[in-house]
Every structure is written in C-alpha cells, then in structure tokens.
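Trainee: Turn this into a structure:
(chains A and B)
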Amino acid sequence: AQSVAQPEDQVNVAEGNPLTVKCTYSVSGNPYLFWYVQYPNRGLQFLLKYITGDNLVKGSYGFEAEFNKSQTSFHLKKPSALVSDSALYFCAVRIGAGSYQLTFGKGTKLSVIP
Amino acid sequence: EAGVAQSPRYKIIEKRQSVAFWCNPISGHATLYWYQQILGQGPKLLIQFQNNGVVDDSQLPKDRFSAERLKGVDSTLKIQPAKLEDSAVYLCASSLSSLNEQFFGPGTRLTVL
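Mentor: Residues are numbered from 1 along each chain as shown, chains lettered A, B, ... in the order given. A predicted model of the protein is given here:
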C-alpha cells in the first residue's frame, strides 16, 4: 500500500523568508510525486510533479521540490514567501506502474505573515 | 481553456435523502475522477473512469454511492440514502490519461443534517 505523511498541520513563515512544507512517502515501487495547492472554496491546483530525472523539480508560482530517495521525502520549497502563498498544500503519491490511484496527505496549512 | 465544472456548489440535505452531483471535465480528457474530501483530510478517491468505463471503484461505498459516465464526457455521482458521515466536499477531476496530472473542479460541499 502507498501512503503519504505531512508531519506539520500548519507552517507559519514571515513574508520574504524561505518556506518549506514537508512530505514523506511510502510506496513499494518507483514513486510519482505531486504537490497541489488549495485556496479557500476552490479546487486543488497542480503545482509540480516528480516522475524521473533531476531530483530538483521546478513548478508554478516559484515553487520547487526536492526528491530524496534515501529519505523518502519530497519537500516543497520557495526561496521567498508571499502573503498570497497562504493556502492549504497537499502532497500526493502514486506508484509508477500498475496502480492509477493517487494517495493524498492530509494537507499542511501555510500562513505567510506580512 | 475552460476548467472542470461542477454543480451544485453547495447542497444541504437531511439524512436518508438522495443527492446527485454533476461534473463536466476538461474537453478531451479521457480520465475522470470523483474524490471525497472530509474536513481536515486529503481527498480520497471514490471512483475513476477511463472514457465511460470504470477503472477503479475500490473505495466507493457501493451500497449507497453510484456514479456513471454514460457518453464518456459528463459524469454524475449519486448518494442514496445519505448519512451524516457523508458530509464532505466532493471533488471531480480530469486528466488526459491516467498518467497525466489531474485538474480539479471547485467541488460540491455537501452537508447532511
């Protein structure tokens, strides 16, 4: 079975500071990893994905994520946080073959303080 | 490009009543998904369609939930009868194929009283 853990329910960061939202995963095969963002009363928006290749993946709105196979992690990062980045962030995983099911973490609420 | 459309956006019903949700995916997207998102949790897949065929419905409570995608485009999700624990946001998503990223609609917030 595949699973995703987001160990922090909430992350607070000052505007302009770097931010990190943590994600670890557990799968039996090669993982496909995703980050989505959810703004209030809106659906999830795709940010970025890791399939294969370079461990550092760049996505929308200046976000990036680093795949670390030895630590089974896929942390989301941004060098300089904006107030408009405040939202709910979800990490998701599926294995690279066979299973189509995307498994989501429980989400991390990011608050960027002006 | 138009996104995934869902209606209604909000629905309040009493337990044991029936309810239906509608989803129109992005044009050309063969794969359609219905998720249930309970407050404080991540979305959980209920059912996945590839065109008009069901690929995965392993987590769909089939005694009360049903879904169809008759012409391989629009889809409806029905709950009959509803229970209090069905209160959640029901998200529809679509993708070009099961290998591509999913695009989500705004969701339908269901409250069962």
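Trainee: per-residue pLDDT, A:Gly96?
Mentor: Looking at A:Gly96, its pLDDT is 57.
Trainee: what's the nearest residue to the residue of chain B found nearest chain A if we skip its chain neighbours?
Mentor: For chain B, the residue closest to chain A is B:Gly42, as judged by C-beta to the nearest C-beta, at 3.1 Å. Heads up, the C-betas are built off the backbone N, CA and C, glycines and all. With sequence-adjacent residues excluded and distances taken as C-beta to C-beta, 6 or more residues apart in numbering or on different chains, B:Gly42 is closest to A:Phe104, at 3.1 Å.
Trainee: which residues are contacting stretch B:49-67?
Mentor: With contact meaning C-beta atoms under 8 Å, 6 or more residues apart in numbering or on different chains, stretch B:49-67 is reached by A:100-101, B:30-34, B:44-48, B:69-72, B:75-83, B:86, B:98.
Trainee: From those, list the buried ones, please.
Mentor: Buried residues within these, counting neighbours by 16 or more other C-beta atoms under 10 Å in any protein chain shown: A:100-101, B:30-34, B:44-48, B:69, B:75, B:77, B:79, B:82, B:86, B:98.
Trainee: what's the helix or strand for A:Val11?
Mentor: Mapping A:Val11 onto the secondary structure by DSSP states H and E places it in strand A:10-14.
Trainee: Pull out the buried positions in that strand.
Mentor: A:Val11, A:Val13.
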